[in-house]
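Chemist: attaching a predicted model along with its sequence, questions to come.
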Amino acid sequence: MSDPWGDASRIALGRASGGRIVAAAPGAVRRTLAAAEFPAWVAAREAERPVRWVWASAGEWYPPLLAAGVRVERCHDLRLCHAILTNAVPGADLASDVDWFAADEEHAPALFELDRPSRDDLDEVLRELARQDAALATARDAGRLRLLLAAESAGALVAAEARAAGVPWDADHHAGILDDVLGPRGAGGVPRNMARLAEEVREALEDPQLSLDSPPRLLRSLRAAGLQVSSTSKWELQEIAHPAIMPLLEYKRFARLLTANGWAWLDAWVRGGRFRPIYVPGGVVTGRWAAAGGGALQIPRQLRGALRADPGWRIVDADVAQLEPRVLAAMSRDERMARAALGRDLYDGVVESGAVQTRDEAKIAVLGAMYGATTGDSGRLVPRLRRAYPRAMALVDGAARTGEEGGTVATWLGRTSPAPDEEFRRIQARASAADATAADEQRAQRSARDVGRFTRNFVVQGTAAEWALAWMADLRLRLARLPAVAPERAAPASGPAFARRAHIAFFLHDEVVVHAPEEHADAVAHALRESAAAAGRLLFGSFPIDFPLDVSIGESAAE
DNA sequence: GGAAACGGCGCG
DNA sequence: AAAGCGCGCCGTTTCC
């Protein structure tokens, strides 16, 4: 008997009126699925051959599948792709009755809400897919854009999977750090070591009532004690010699740990040995992921030791050395900069080229070049880089100029920066008026430079994000091909889809943490490197750039 | 009385 | 009050 779905390379998923799930191969068969049979049906299609699942949003459609133990290989996330295409193909007609930009909803809409236009409606899904196909067909570089849409969609799968699996988190170890550093909680819940430091500061400033948590009051108190400071931030305080400063800075470090990742954070975010942050793929304009809740992107180094593998499992931690400058060298086809990077620390290579004297200078100069530094050490060093690597610098300088002039810029795969907002155009127009004042012109210049620094960085940060997506997209497929461990070796907290296999547990811009059965740790390290090389080839072909990883295998993510 | 802005600091 | 990009989160202050 022939399978009517056998030839479908894409299968769209949506809902019919009444909320029933319907699958459709574009232009062909449809099938209505009861909620109970949905995961198994998807799994059966996956087992036959790779399919690209087209759905409104992986963030809403994928978690129930994962909860049922079903993974998919590929998808097309219409919501994320809509956002990319809107900016990247300005002439495209992506107009629709429904809001394709709306954020994912925490819970599926209740049945009575289904009357309103919904992006989950199967007919709308198919219409949106057709609109996106048409938009892609008119794009200037459809091949690269297609890669970007695939990478973005794969990222959405990774985000859902990483949340489902969770970050292995040793709450006892974390609590132990809190006890050691902050001390036991005393009256009012204030940890003893913080109370002691606060008392030292109050004595040193001779201000017995002072509250250290109020910057304005603290500032007044510091100045009353004769300290010449304009803020209470640590970069300014640490320059000053005064008995109040050391305990104050330590108090600030402790307060930060307490409020950001203290006992309350543990209660709120760690359950059953897993930290489950909420990732927001495509949440940053440049294409980086953002996070919502849990502070996934700010886990302090201090707590890395709590990121701990289950018994019999290992943490395989990999990060890319100098991702952004490597990406810049490749996308600008700057062979001299690529040579400085090849097979070694890029900053060492810059020093060897003679552009600067020390690795520290190289780092400051390279970061300054990508961020648009104009003053200080960094601003002073950038011109040397401009002489040594004219092609790379021309790319970022050009991106900055385009932004200053009100234009848009694009990453290597075509993610395009948003057009300047109304405020920007108003300020620029004001400065061009016949009666413009010097202040108008100054304001216009400053806002133009602000936008220029943004577009300068956009092309590099955004292309680095694309590389990272390509890296993870390839990696998750390699990990899925590793064998499953015996049931008694499972890590049940990672959920039915990942309990018996190596899986991505955490991602942070240029770093991936894999939770792996111990006997697979070496294979995972190998897969991480292979995927990095594959991502480099996918984006930059044979251009001679490499993306070396620092990989460590251990029981925790601490160095 | 609650929302928005601010200062500060963690991450890349 | 960082210089020089992109974020999220906390507690406090300010505004409506």
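Modeler: Structure received.
Chemist: am I right that A:A268 falls within a strand?
Modeler: No: read with DSSP: H, G, I helix; E, B strand; the rest coil, A:A268 is helix and lies in no strand.
Chemist: just the strands in chain A please.
Modeler: For chain A, strands defined by DSSP state E occupy the ranges A:10-15, A:21-24, A:30-33, A:52-55, A:74-77, A:167-168, A:270-271, A:274-275, A:279-280, A:290-291, A:313-320, A:503-507, A:511-517, A:549-554.
Chemist: need those in TSV with distance to DNA strand B and mean pLDDT, can you?
Modeler: In short, each C-beta sits where N, CA and C put it, glycine included. Listed next are these as TSV, based on distance: least, C-beta to the nearest atom of the strand, whole Å; pLDDT from 0 to 100:
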stretch	distance to DNA strand B	mean pLDDT
strand A:10-15	32	96
strand A:21-24	35	96
strand A:30-33	40	94
strand A:52-55	30	97
strand A:74-77	24	98
strand A:167-168	14	97
strand A:270-271	18	96
strand A:274-275	14	97
strand A:279-280	14	94
strand A:290-291	9	93
strand A:313-320	7	98
strand A:503-507	10	97
strand A:511-517	6	97
strand A:549-554	11	97
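Chemist: nearest to A:P390, of those strands?
Modeler: If you check each of those against A:P390 by C-beta to C-beta, strand A:313-320 wins as the nearest, at 25.1 Å.
Chemist: now whichever residue of the stretch 1-150 of chain A sits closest to DNA strand B: how far from A:A83?
Modeler: Here the stretch 1-150 of chain A gets closest to DNA strand B at one residue, A:A103, 15.7 Å apart by C-beta to the nearest atom of the strand. Note on A:A103: its distance to A:A83, by C-beta to C-beta, to the nearest Å, is 11 Å.
Chemist: who's more crowded, the two?
Modeler: More crowded of A:A103 and A:A83, by other C-beta atoms under 10 Å: A:A83, with 19 against 12.
Chemist: run through the residues that contact that one.
Modeler: Contacts for A:A83 (C-beta atoms under 8 Å, 6 or more residues apart in numbering) come out as A:W100, A:F101, A:G282.
Chemist: show me where the stretch 451-559 of chain A has helices.
Modeler: Listed in chain order, the helices of the stretch 451-559 of chain A (DSSP state H, counting those that start in this stretch) span A:521-540.
Chemist: which residues of it lie near DNA strand C?
Modeler: A:R453, A:F454, A:N457, A:F458, A:Q461, A:H509 (C-beta under 7 Å from any atom of the strand).
Chemist: tell me, which of those make contact with DNA strand B?
Modeler: On the criterion C-beta under 7 Å from any atom of the strand, A:Q461, A:H509 are the entries of these that sit beside DNA strand B.
Chemist: can you tell me which of the residues of the stretch 451-559 of chain A next to DNA strand C are buried?
Modeler: A:R453, A:F454, A:N457, A:F458, A:Q461, A:H509 (16 or more other C-beta atoms under 10 Å).
Chemist: residue of the stretch 301-450 of chain A closest to DNA strand B, please.
Modeler: Going by C-beta to the nearest atom of the strand, DNA strand B is nearest to A:R301 of the stretch 301-450 of chain A, at 3.7 Å.
Chemist: residues near that residue, how many?
Modeler: Neighbour tally, A:R301, other C-beta under 10 Å: 9.
Chemist: identify the residues contacting it.
Modeler: For A:R301, counting by C-beta under 8 Å, 6+ apart, there are no contacting residues.
Chemist: for A:I245, which non-adjacent residue is closest in space?
Modeler: Nearest residue to A:I245, sequence neighbours excluded (C-beta to C-beta, 6 or more residues apart in numbering): A:L237, at 5.5 Å.
Chemist: A:P247 too?
Modeler: A:E200 (4.0 Å).
Chemist: now A:R30
Modeler: Nearest non-adjacent residue to A:R30 (C-beta to C-beta, 6+ apart): A:A24, at 4.6 Å.
Chemist: the one you found contacts A:A12, correct?
Modeler: Yes: with contact defined as C-beta atoms under 8 Å, A:A24 counts as touching A:A12 (4.8 Å).
Chemist: which neighbours do those two share?
Modeler: Shared contacts of A:A24 and A:A12 (C-beta under 8 Å, 6+ apart): A:L122, A:L126.
Chemist: who's more crowded, the two?
Modeler: Under the criterion of other C-beta under 10 Å, the comparison of A:A24 against A:A12 puts A:A12 first, with 24 against 21.
Chemist: which ones are touching A:R314?
Modeler: A:R314 neighbours (C-beta under 8 Å, 6+ apart): A:H515, A:A516, A:P517, A:E518, A:A521, A:I553, A:G554, A:E555.
Chemist: show me what contacts the residue of the stretch 1-150 of chain A closest to DNA strand B?
Modeler: Counted by C-beta under 8 Å, 6+ apart, A:A103 has zero contacts.
Chemist: and DNA strand C, is stretch A:437-448 touching that?
Modeler: No: Stretch A:437-448 stays clear of DNA strand C (C-beta under 7 Å from any atom of the strand), getting no nearer than 10.2 Å.
Chemist: could you give me the buried positions within that stretch?
Modeler: Residues A:D440, A:R443, A:A444, A:S447, A:A448 are the ones in stretch A:437-448 that count as buried (16+ other C-beta under 10 Å).
Chemist: would you mind giving these as CSV with pLDDT added?
Modeler: Shown next, in CSV, are those (pLDDT from 0 to 100):
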residue, pLDDT
A:D440, 90
A:R443, 90
A:A444, 93
A:S447, 92
A:A448, 95
